[in-house]
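Peer 1: would you be able to build a 3D model of this:
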Amino acid sequence: CVGLLLAFCPAAFAQEADDAALIRAQGLTGSLLAPSPATPAKGVLAMEPYFLYRRGAGTFDNDGARHASPAGGDQFRGYASIQYGLGDDLAVQILPGFARALSGDHAMGVNDLPVRLKYRWFGRGDTGFWHPSLTTGLGVTLPLGRYQRLSSAADRFGSGAWMGTFQAQMQNFFVTDGHPNRARIWTTLSAPLGAVDVHDISSYGTAPGFSGTALPGAGAEIGIADEFAIDRHWVLALDVAEDFARPAHLHGAGAPAFGSSGNRFVLAPAIEYNFAVWIGVIAGVEYAPAGHNYSAAITPQVAVNMFF
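Peer 2: Next comes the predicted model:
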C-alpha cells in the first residue's frame, strides 16, 4: 500500500502542475453576468466595456404567465467595468454607463453610478477544483440618472436614490479532460439608503402632476456560471441566475398601488474569443424564460475584456 501511494503521489503532483500550466495559458473574459473577483495583483487595471440592446419581452404575472407590456421600453445601453488593484487582494471598481431610449423623445443620458470596494479573503492564484478564492465587496450606487419630470417613461435612466450593495463571489479553476474551466458562484444584495422625492412622470410609474416620495425596493441575485475552454482562444460561457425584487413604495395623491414581490429565472449563454490571456471579446444574450411579478427582456450584448 505504501508503495502504491509513493508511486501515485509523483503522478498526481505532475498532473496538478500540467493543469496549472494549462490554466495560466488560457484566456478567459469572464461570463456575462457573474461579478469578477478583486484584480489578481496590486497595480493591475482591468477594463471591460459592454454594449447592450435591451428589448422588452413582456411581464410575468403572479401566476408566472407572461403578458405583453406596452411598447416603448427598449433601450440601447453601454457601460464599462473599470477595476484597479489597490493591493494584491484589494481593489476598487466603478461602473459608469449611459443609455439611449429607442422610443419617445429618443433621450440619452447617464445611468446611476455603482462604486465598489472588493477584498479577496483567500485563494489568490490558486488552481484546482478544491482551491477556490473568495471575494466580498461593499458598494454604493450614486443617483446620477434621470428618474423624474420625464417626457415619457421610456426616458428613465436611474432611480434617484442612493443604494447600498453587498456582494460575495467564489471562483475556482479546474481542468476537465484537458479543457480549462472557470466556475463562479455569487450573490448580490442591494437596498435603498433612503426615500426620494418624485414629481410627474418618473421611473416609478407615476403620471403627470404627481408629487410625492418613493422608497425603492430591495433586491437580490444568486447565480452560478462556468466558462469551458474549447481551445486557447474559443470559450463557451453560461450564467444561470435568479433575481428577486421588492416593489417600490410610493406615497402621494394618485400613487400607484403597492405591488407584490417578484422573481425571475435568468439564462445568459455566450461565446468568447480570447486573442491573448490579457484581452478577449464575449458576445451572448441574457433572457428570462420564467418569473413572477417581474419584467421580462431579451438583451443581446457584447463586451471586450482587457488587463493592463
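Peer 1: what separates residue 243 from residue 221, distance-wise?
Peer 2: According to C-beta to C-beta, to the nearest Å, residue 243 and residue 221 sit 5 Å apart. No exception for glycine: its C-beta is placed from N, CA and C like everyone else's.
Peer 1: show me the shaky parts of the chain.
Peer 2: Residues of the chain meeting the criterion pLDDT under 70: 1-16, 70-72.
Peer 1: does the most centrally placed residue in it count as helix, strand or coil?
Peer 2: Central residue of the chain (C-alpha atoms, centre = their mean): residue 33, 4.0 Å from the mean position. Under the three-state scheme (DSSP: H, G, I helix; E, B strand; the rest coil), residue 33 adopts coil.
Peer 1: that one and residue 112, how far apart?
Peer 2: Computed as C-beta to C-beta, the residue 33 to residue 112 distance reads 18 Å.
Peer 1: next one: residue 96
Peer 2: Using C-beta to C-beta, we find residue 96 at a distance of 10 Å from residue 112.
Peer 1: so if I had to pick from the two, which one is more boxed in?
Peer 2: Neighbour totals were compared for residue 96 and residue 112, and residue 112 leads with 21 against 18 (other C-beta atoms under 10 Å).
Peer 1: the more buried one against residue 144, yeah?
Peer 2: Yes: the pair residue 112 / residue 144 is scored as a contact, 5.6 Å apart, by C-beta atoms under 8 Å.
Peer 1: what is in contact with these two at once?
Peer 2: By the contact definition C-beta atoms under 8 Å, 6 or more residues apart in numbering, residue 112 and residue 144 are jointly contacted by residue 158.
Peer 1: what ranges do the strands span in the stretch 151-300 of the chain?
Peer 2: Applying DSSP state E, counting those that start in this stretch to the stretch 151-300 of the chain gives strands spanning 163-176, 179-192, 196-199, 211-215, 219-229, 234-245, 249-251, 262-276, 279-292, 294-307.
Peer 1: mind putting those strands in CSV, mean neighbour count and distance to residue 151 included?
Peer 2: Formatted as CSV, those follow (neighbours: other C-beta atoms under 10 Å; distance: least, C-beta to C-beta, whole Å):
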stretch, mean neighbour count, distance to residue 151
strand 163-176, 18, 25
strand 179-192, 19, 25
strand 196-199, 18, 13
strand 211-215, 18, 18
strand 219-229, 19, 27
strand 234-245, 19, 26
strand 249-251, 16, 20
strand 262-276, 18, 27
strand 279-292, 18, 28
strand 294-307, 18, 21
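Peer 1: compare these and give me the one nearest residue 76.
Peer 2: Ranking those by proximity to residue 76 (C-beta to C-beta) places strand 294-307 first, at 10.7 Å.
Peer 1: re the thing from before, I'd guessed the residue nearest to the centre of the chain sits against residue 270; true?
Peer 2: No: when contacts are counted by C-beta under 8 Å, residue 33 is not listed as touching residue 270 (9.3 Å).
Peer 1: which neighbours do those two share?
Peer 2: What both residue 33 and residue 270 touch, as defined by C-beta under 8 Å, 6+ apart, is the set residue 239.
Peer 1: three-state assignment of residue 21?
Peer 2: Following three-state DSSP, the label given to residue 21 is helix.
Peer 1: going forward, begin numbering at 687 instead of 1
Peer 2: Will do, 687 is the new start, and the previous item becomes residue 707.
Peer 1: quickly list what residue 959 is bridged to.
Peer 2: On the basis of DSSP bridges, residue 959 is bridged to residue 920, residue 967.
Peer 1: now for residue 920: which residues touch it?
Peer 2: By C-beta under 8 Å, 6+ apart, residue 920 lies in contact with 957-960.
Peer 1: if you set the cut-off to 10 Å instead, what comes out?
Peer 2: Counting by C-beta atoms under 10 Å, 6 or more residues apart in numbering, residue 920 touches 713, 914, 957-960.
Peer 1: among these, which two are most distant?
Peer 2: 914 and 959 (14.0 Å).
Peer 1: quick one: common contacting residues for those two?
Peer 2: Counting by C-beta under 10 Å, 6+ apart, the residues touching both residue 914 and residue 959 are 920-921.
Peer 1: residue 704: how many residues sit nearby?
Peer 2: Per other C-beta under 10 Å, the neighbour tally for residue 704 reads 12.
Peer 1: my reading is that it lies in a helix. Confirm?
Peer 2: Yes: according to three-state DSSP, residue 704 belongs to a helix.
Peer 1: quick check: it touching residue 866?
Peer 2: No: with contact defined as C-beta atoms under 10 Å, residue 704 does not reach residue 866; the gap is 11.2 Å.
Peer 1: these two touch, right, residue 917 and residue 865?
Peer 2: Yes: here residue 917 lies in contact with residue 865, judged by C-beta under 10 Å, at a distance of 8.4 Å.
Peer 1: nothing else from me, thank you.
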